[in-house]
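Trainee: Need coordinates for the below:
(2 chains)
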Protein chains: 2
Amino acid sequence: MGKSGDRTRVLLCGLGAMGSGMASMLLENPDVEIVAAIARRSSKAGKDLGEVIGKSPTGVKVTSDIDEAFRSKPDIVLQSTASFVSEVFPEIEIALEHDANVITIAEEMAYPWAASEELSDKIDRLAKEKGKTVLGTGINPGFVLDTLIISLTGICRDVEHIRGKRVNDLSPFGSTVMKTQGVGTTPEQFQQGLESGEIVGHIGFPQSLMLIGKALGWEIDEVVEEREPIITSVERRTPIITVPPGYVAGCRHTARAYSNGKEVILLEHPQQICPELEGVSTGDYITIKGDPPVNLAIEPEIPGGIGTIAIAVNMIPHVMNGPAGLVTMADLPVPRLWHTITAVSRK
Amino acid sequence: MGKSGDRTRVLLCGLGAMGSGMASMLLENPDVEIVAAIARRSSKAGKDLGEVIGKSPTGVKVTSDIDEAFRSKPDIVLQSTASFVSEVFPEIEIALEHDANVITIAEEMAYPWAASEELSDKIDRLAKEKGKTVLGTGINPGFVLDTLIISLTGICRDVEHIRGKRVNDLSPFGSTVMKTQGVGTTPEQFQQGLESGEIVGHIGFPQSLMLIGKALGWEIDEVVEEREPIITSVERRTPIITVPPGYVAGCRHTARAYSNGKEVILLEHPQQICPELEGVSTGDYITIKGDPPVNLAIEPEIPGGIGTIAIAVNMIPHVMNGPAGLVTMADLPVPRLWHTITAVSRK
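Mentor: Numbering: from 1, shown residues only, chains lettered A, B, ... in the order given. Here you go, the predicted model:
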């Protein structure tokens, strides 16, 4: 955090649900100053950040002009604008050109080499030239089905197979998520949606698999993904959608990594609305077949939205002190809460 | 690991159950060369390391002469000789004087400042002068009730209280462990054993508490430990001891950390033989009262012996590439399996 006593100057790039949540969290942290906030939507630009995120005025005016935003000389950019490396690359490049570190929650950036070696190498080269650090993080990819798994293998003498499963409830989410998971479609429409690319399931499986493989020194020579409809046998209902029996309540997305022709990692992420209506409870599960075996459960699952907001903010000190270049969660010290709000004495 | 392709030169200091287990694990790793092994017991000195650990000959002769051992010019020392900072300090000092990095499983070394600021500062100073890294690790302290907890707080916006519980089975252990846990005593003898210091319970609670506190920036102003007998209501029996009803089957050891007069961390470690006979199942449990809350279970518990052997060996690459000085598990990248024995393709 630069000189002792300095506050870290943060630029928020993206003010959707994730960016707004990061803003709220940062406003409670006395070691941080939000120096600029970029929103794509012109309806937000020109307003005070506090107004945009439903809080008291902050004195920071939201802008849609990236050049204007960087005149605030941020130490670090928190980027929450898109999912894919190709989409977020231009903003990351601009951030580095302005000598800022970057934390992004773009799913593909958790292990960007899986999506684009070329853009990843460009980011890495520029970050090293500038002596800055770029990290992709989030709950998943970024923590539950990769970083947490990696850290558990640290207590093993050998590992033969890894299975991770994240069972969550999509009920709180909005219409975009329902569409990308196929919620409310018929089985036929689900199939068509997969083919047209409208239904995508989870974004990030190749990243989690390659991140684990890289950390363990495993050569992953094939990744196979599968997406199946979760067809409900009872009516399921959320504030925005009602799914009758026989229709699709979500997407059961799995991914397998093979090494030397053998399955070595299986990740499963069935996402649906109201899983409890058919007796499915939510949780994060990791099973390592190894010496010793490890059998972990986190119940309920770590919530994706809050968790992503928190880990992005909590990684700021690690990134500020990180090695120059494009890094992953496996390259940095174990994550941890940065700032405690409740009444403990702080050092 | 020095130049690419070089094997890491390891000196084993201590060849008890832990050191022998590390030796076995290292012998399977082609990136390692065991260059020397020190045993205190003269019955082991002069023998081939393979013979001492029950394996094929290795060509490494066990010695009780520390100066002779260091003539092998090790890159790193794995120390498993004792529990306390004051006991292991002389060997760590010698290792650093010989330009070797150190990984120790001495429980107090997981956060050595809790036991001795003075010796810790000396180690840190010497390590920095020599450009070497010294790490204390293990399963507990070192991972389950500290590093794992720290990493889970990384997905929290706030944390109010942390509770960790490790429930294990002492049945496989030998007479030393039975004595230090008070197994087989009467409740009165247990009390006397606590007072005389013969019964100690778990070693490492202050270390785990301070490691968490340091990582989260919490000022821990008081640590309170409590040790109670676990009195059995049924006969419990292991190969080396039989405990009748009304006698002590183990030690329920708890530790609390206070900040600003408020309990912020509670760690519990009831250790006993045959817990299943009274319906107690074993496991590692972490409950974070925070935003979001986290509720984790690992069942059965991560085995202490294998886990300690594995994590000590697996941390070698991190320590070889670590920052100069005395570090903790919270300062280094997330742990991970170093070498995979089973048939995956290796990078």
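Trainee: ok now do whatever residue of the stretch 151-300 of chain A ends up closest to chain B, which residues does it touch?
Mentor: Residue nearest to chain B within the stretch 151-300 of chain A: residue A:154 (2.6 Å; CB to the nearest CB). The C-beta positions use only the backbone N, C-alpha and C, and glycine is treated the same way. Applying CB atoms under 8 Å, 6 or more residues apart in numbering or on different chains, we find residue A:154 in contact with B:143, B:310-311, B:314-315, B:334-337.
Trainee: Got phi/psi on residue A:237?
Mentor: phi -140, psi 130 (degrees, to the nearest 10).
Trainee: what's the neighbour count on it?
Mentor: 14 (other CB atoms under 10 Å in any protein chain shown).
Trainee: State the distance from it to residue A:169.
Mentor: Counting by CB to CB, to the nearest Å, the gap from residue A:237 to residue A:169 is 13 Å.
Trainee: which neighbours do the two share?
Mentor: Shared contacts of residue A:237 and residue A:169, defined by CB under 8 Å, 6+ apart, comprise A:273-274.
Trainee: quick revisit: SS state for the closest residue to the residue of the stretch 151-300 of chain A closest to chain B other than its chain neighbours?
Mentor: Once flanking residues are discounted, residue A:154 sits nearest to residue B:335: 2.6 Å by CB to CB, 6 or more residues apart in numbering or on different chains. Under DSSP: H, G, I helix; E, B strand; the rest coil, residue B:335 falls in the coil class.
Trainee: Read off the pLDDT value for residue B:335.
Mentor: For residue B:335, the pLDDT comes out at 98.
Trainee: I figured it hits residue B:143, correct?
Mentor: Yes: applying CB atoms under 8 Å, one finds residue B:335 in contact with residue B:143, separated by 7.3 Å.
Trainee: OK, contacts around residue A:127?
Mentor: Listed by CB under 8 Å, 6+ apart, the contact partners of residue A:127 are A:96, A:133-134, A:324-326.
Trainee: Can you list the buried residues in the helix or strand hosting it?
Mentor: With secondary structure defined by DSSP states H and E, residue A:127 is part of helix A:117-130. Neighbour counts over helix A:117-130 (16 or more other CB atoms under 10 Å in any protein chain shown) mark A:119-120, A:122-124, A:126-127, A:130 as buried.
Trainee: Export only the CA atoms of the least confident helix or strand in chain A by mean pLDDT, formatted as CSV.
Mentor: Within chain A, no helix or strand scores below helix A:175-181, which has a mean of 92 by mean pLDDT, DSSP states H and E. The C-alpha trace of helix A:175-181 is given here as CSV (Å, rounded to 0.1, in the frame of the first residue of the first chain):
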residue,chain,number,x,y,z
SER,A,175,-33.6,-12.6,-16.0
THR,A,176,-30.1,-12.6,-17.6
VAL,A,177,-29.0,-15.5,-15.4
MET,A,178,-32.3,-17.4,-16.0
LYS,A,179,-31.7,-17.1,-19.7
THR,A,180,-28.1,-18.2,-19.7
GLN,A,181,-29.0,-21.2,-17.5
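Trainee: Just the CA atoms of whichever helix or strand comes after it, as PDB, please.
Mentor: Downstream of helix A:175-181, the next assigned helix or strand under DSSP H and E is helix A:187-196. The C-alpha coordinates for helix A:187-196 follow below in PDB (Å, rounded to 0.1, in the frame of the first residue of the first chain):
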ATOM      1  CA  PRO A 187     -36.100 -29.600 -22.800                       C
ATOM      2  CA  GLU A 188     -36.200 -29.000 -26.600                       C
ATOM      3  CA  GLN A 189     -35.700 -25.300 -26.200                       C
ATOM      4  CA  PHE A 190     -32.800 -26.000 -23.800                       C
ATOM      5  CA  GLN A 191     -31.100 -28.100 -26.500                       C
ATOM      6  CA  GLN A 192     -31.600 -25.400 -29.100                       C
ATOM      7  CA  GLY A 193     -30.300 -22.800 -26.600                       C
ATOM      8  CA  LEU A 194     -27.100 -24.800 -26.100                       C
ATOM      9  CA  GLU A 195     -26.600 -25.000 -29.800                       C
ATOM     10  CA  SER A 196     -27.300 -21.300 -30.500                       C
END
